[in-house]
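**Student:** can you look at this prediction? I've put the sequence above it.
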Amino acid sequence: MISRIQENLSRQLHAMELLLSLLEEEFADLCDRKPQEVSALEISIQELMRQIACERKSLRAMISAAYPGKNRVYEVVNGLSGEAAAALNGLLKTLDRTEQLCAIQADKNRQLAMGLYDQSMQLLKRLHQAIEPGKSDLYSRRGRFAKSMQPQASVFHGRL
């Protein structure tokens, strides 16, 4: 059973290392402003995270079936001694360190993406303001550019 737990943790560790490399690649594509590559990477990242979650569910199910009353790997490791406990502890520490690196990189990606989004929104607002006609920049009903600064009082003639 311990070997199956080690295999599962090893798969999770390799998946987390792959996730870290994908996040770093996503950051590079964000810096280079390549939105198509970023969206393709995002799909891969989401699928990898789904697979990691499935691995964790299967590990919890395996632990609860083999060790009744225990739900976490740390609880199993505390009950072990010797070489198996040291190997599991090493895997858990490496996995935790890799998770922290992934979280840091994901936060960097989020901050950069939000900064680019804010920059794009500000640019769009400026463009809209630049093309929006002002109060004195209006055309008359005859198609000529109205040059009057203040509208004159007029009489309305209408038919019912």
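**Tutor:** Cool, got the structure.
**Student:** can you give me the helices for this structure?
**Tutor:** Along the chain, counting by DSSP state H, helices occupy 2-31, 35-66, 73-79, 83-131.
**Student:** okay, the angle between the longest one and helix 35-66?
**Tutor:** If I follow you right, that is helix 83-131. Put simply, helix 83-131 runs at 150 degrees to helix 35-66, going by axes from the mean of the first three to the mean of the last three C-alpha atoms, to 10 degrees.
**Student:** burial count for V76?
**Tutor:** 20 (other C-beta atoms under 10 Å). In short, each C-beta sits where N, CA and C put it, glycine included.
**Student:** so it sits against Y67, correct?
**Tutor:** Yes - contact criterion C-beta atoms under 8 Å: V76 and Y67 qualify, at 5.6 Å.
**Student:** redo the helices of the chain as JSON lines? Include mean pLDDT.
**Tutor:** Formatted as JSON lines, those follow (pLDDT from 0 to 100):
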{"stretch": "helix 2-31", "mean pLDDT": "95"}
{"stretch": "helix 35-66", "mean pLDDT": "94"}
{"stretch": "helix 73-79", "mean pLDDT": "82"}
{"stretch": "helix 83-131", "mean pLDDT": "93"}
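**Student:** done for today, thanks.
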